[in-house]
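Participant: I would like to see how this sequence folds:
(2 chains)
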Amino acid sequence: MKQVIALILALLLMVPAFAMAETDKVVKIGVFEPASGDSGAGGKQEMLGMQYANLETPTVEIGGETYKVELVYADNGSSTDKAPSAAQLLVSSGVSVILGSYGSGVSIAGSEYFKEANIPAIGVTCTNPQVTAGNSHYFRVCFLDPFQGTVLANYAYSELGATVAYSLGELGNDYDQGLCTYFGQAFEALGGTVIHEDFPTNTADFTSYLTNAANYGASVFFCPVSIAYSTQIVQQAASQGAAFPILGGDTLDSNVVSNAAKGTNVDVVVTTFYQEGANEAFDTGFKAWLGEDSEAMTNNGGNDIIAGVTAMGYDAYYVALEALKAAGSTDSKAVMEALPGVTYDGVSGHIEFDETGDAVRNAAYVKKVNTETGDWEFVTEQTVG
Amino acid sequence: MFNTVFPYLLSGISVGGQYALIAIGYTMVYGILRLINFAHGDVFMVAGIIMVYMVASGVVPLWLCIPLVLVLTAAIGFVIERVAYKPLRTAPRMSAMISAIGVSYTLQNLVLYITGGLNQIYPTIPWISGSVTIFGATTKMVTVITPVLTLVLVIALVFLINHTKIGMAMRAVSKDFETSQLMGININFVISATFVIGTFLAGVASLLYFTNYTTVIQTSGAMPGLKAFVAAVFGGIGSIPGAVVGAFIIGIAENIIKGLDIILFKAGLLKGPAGLATFSDAFTFALLIIILAVKPTGLFGEKTTDKV
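Facilitator: Numbers count the residues shown, from 1 in each chain, chains lettered A, B, ... in the order given. I've put the predicted structure just below:
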């Protein structure tokens, strides 16, 4: 009797196998993003772009066969000590290519695990040069910090007329420190002076740093920090009656930040990847989806303003599909070999990779918050030769 | 010179007052149970989250939210004590401490689950969120209210402890747990009252703190909690005036150090920025080590006498 039961159980185990064989073939794409922690809000907005793209194009033709695309999520918790286990989770679930992460530090922390497993990764908005430098498996679709820092320094010096700038970064955060350095170099090359300070992780009280900036006579406050800190800085600057504009990198391009600045006298200016209105079809389609899906709406911060990172997540998904098509196989090694040759025209512009695996880009959008409505307003498109 | 230092002093006094309110919770619980309640900082954070959700729901008017949050926070403190600490009353002291760490993580992860890890913007409370200018420094009204409110609450608390029946029972329990039980004091009631008072003050602190620093996430309680704990140890754990003095010293010290560069620069002692602000936390904790090395029981700590 026991043997019969064992046999039945064994047969039952095979049912899913048969069921699998009948349905479409599946290709897995890993999503290596923070869903919690300081960068959770940004990571979620980046994921929204991928989820929307996946909803729009759920299948891909690989080697003449139709595969269903499955997104596999791993939360790297915005922290470099949680990133390795998230990376290992993706490796062990057998993904063909990985997208992410928001935040350069976590991307660098996860990088070696992808390298060991021969899985290529496409960085979406991690702008620190070290992410792709010296390796052949990490690619990226966005611009880099030396470029972004130069754009911001030019803007601060020529457009805002600042000669003294105050820059503030989080201790031990690769993204903040990198961008502050490049900004400082470019700003001083133009003839300005930069005062740089750092704050420890989990700081909530920025009033003293704001006072410092005022005391140094800074006419611009540069803080390319995580969203959680930047909302604090904006609100505290407002209550201190700060006279200088707050300048930030791509992380500040979020409706969470514009909401914080709404109804205050603080100018918030950022550089970013995408300006709403650049691609009508994407804008309307995405907003319609947010209108239907309340959870997506919550993850976007409760309204339907499109963040630059969302557009980048959308483009990165399609670049991954192009790579899978070009590879003609779901084997991660084949995808890695195919990636350098991939070109794609996305909503954020033309994407092709140079020899280090970075997207060739020479334009960034400058936006500022309209403090009455809480919307982002387009200022200019800045190019650097 | 005064104009340069004053804004830092103002930030320091304000944040010091908020640390003081949290530190009292640590020090009272320690005084009575000899337990370091690691979950205290997280209760403070939960009070912030409750406020965010209660105001966002739109059901309760804002003026009613404030007392409701305080009552709910005190209720959470009561429940935590009954569920996580009371069953361990006779267990080794270490077990209760581990239980406290467990409560801390439970609260953090519960909030992580509810908020989805997204930072929540704290609602604006009219009047205390408004801007005010004193001696040329612009700040929020709450910065000025905090030290005053802290002192009023501390005086009320000291009165409660020295001049009421429950206060007398608390002092008795903190002196000798078992003897006071034999004298007919209802230990469980006294301990619950301690937790309710401690968490109530943490609730007040959360109203003041998050009105100033408007973002709440699940880890928001960690740093203020740690600083308040340090303040309690600094002042001599178990002593309420000690916790308050310690908290103000720590709050002021960390803000002065953040601005030390520019203060020294303006005084002509420094030629340029030296990056001292980076070490604001390091200085604070170094100060703690020095004080403890000189006076191991803290500023106001009682002398420990070993019973033979």
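
Participant: which strand or helix spans residue 167?
Facilitator: In the absence of a named chain, chain A is used. strand A:164-170 (DSSP states H and E).

Participant: my question was about chain B, not that one.
Facilitator: Per DSSP H and E: helix B:165-175 holds B:Gly167.

Participant: helices or strands next to that helix in the packing?
Facilitator: helix B:2-33, helix B:141-163, helix B:177-182, helix B:187-212 (3 or more C-beta pairs under 8 Å, 6 or more residues apart in numbering or on different chains; DSSP states H and E). For every residue, glycine as well, the C-beta is placed using N, CA and C.

Participant: quick one: that helix to helix B:187-212, angle?
Facilitator: 100 degrees (axes from the mean of the first three to the mean of the last three C-alpha atoms, to 10 degrees).

Participant: can you give the distance of helix B:165-175 from its chain's centre?
Facilitator: 22 Å (C-alpha atoms, centre = their mean, to the nearest Å).

Participant: what does the pLDDT read for B:Thr305?
Facilitator: pLDDT, B:Thr305: 59.

Participant: which residue ranges of chain A form helices?
Facilitator: Assigned by DSSP state H, chain A shows helices spanning A:2-22, A:40-56, A:83-92, A:104-116, A:145-154, A:174-189, A:207-215, A:227-240, A:255-261, A:280-292, A:294-299, A:308-327, A:332-338.

Participant: where among the ones you listed is average confidence lowest?
Facilitator: helix A:2-22 (a mean of 62).

Participant: for residue 276, the count of nearby residues, please.
Facilitator: With no chain named, the answer covers chain A. Residues lying near A:Glu276 (other C-beta atoms under 10 Å in any protein chain shown) number 22.

Participant: correction: the question concerned chain B.
Facilitator: 19.

Participant: could you do the one 3 residues further on as well?
Facilitator: B:Phe279 is flanked by 17 other residues according to other C-beta under 10 Å.

Participant: and if you look at A:Asn118?
Facilitator: 14.

Participant: likewise A:Glu70?
Facilitator: Neighbour number of A:Glu70 under other C-beta under 10 Å is 14.

Participant: what of B:Phe6?
Facilitator: 15.

Participant: pretty sure it is touching B:Thr139, no?
Facilitator: No. Applying C-beta atoms under 8 Å, one finds B:Phe6 not in contact with B:Thr139, separated by 10.2 Å.

Participant: look at the nearest residue to B:Met51 once chain neighbours are set aside and tell me its secondary structure.
Facilitator: Nearest non-adjacent residue to B:Met51, counting by C-beta to C-beta, 6 or more residues apart in numbering or on different chains: B:Val69, 4.9 Å away. At B:Val69 the chain is in helix, as set by DSSP: H, G, I helix; E, B strand; the rest coil.

Participant: how many neighbours does B:Val69 have?
Facilitator: 24.

Participant: now B:Ala205. Nearest residue, chain neighbours left out?
Facilitator: Counting by C-beta to C-beta, 6+ apart, the residue nearest B:Ala205 is B:Leu21, at 3.7 Å.

Participant: who's A:Thr383 bridged to?
Facilitator: Beta-bridge partners recorded for A:Thr383 (DSSP bridges): A:Ala363.
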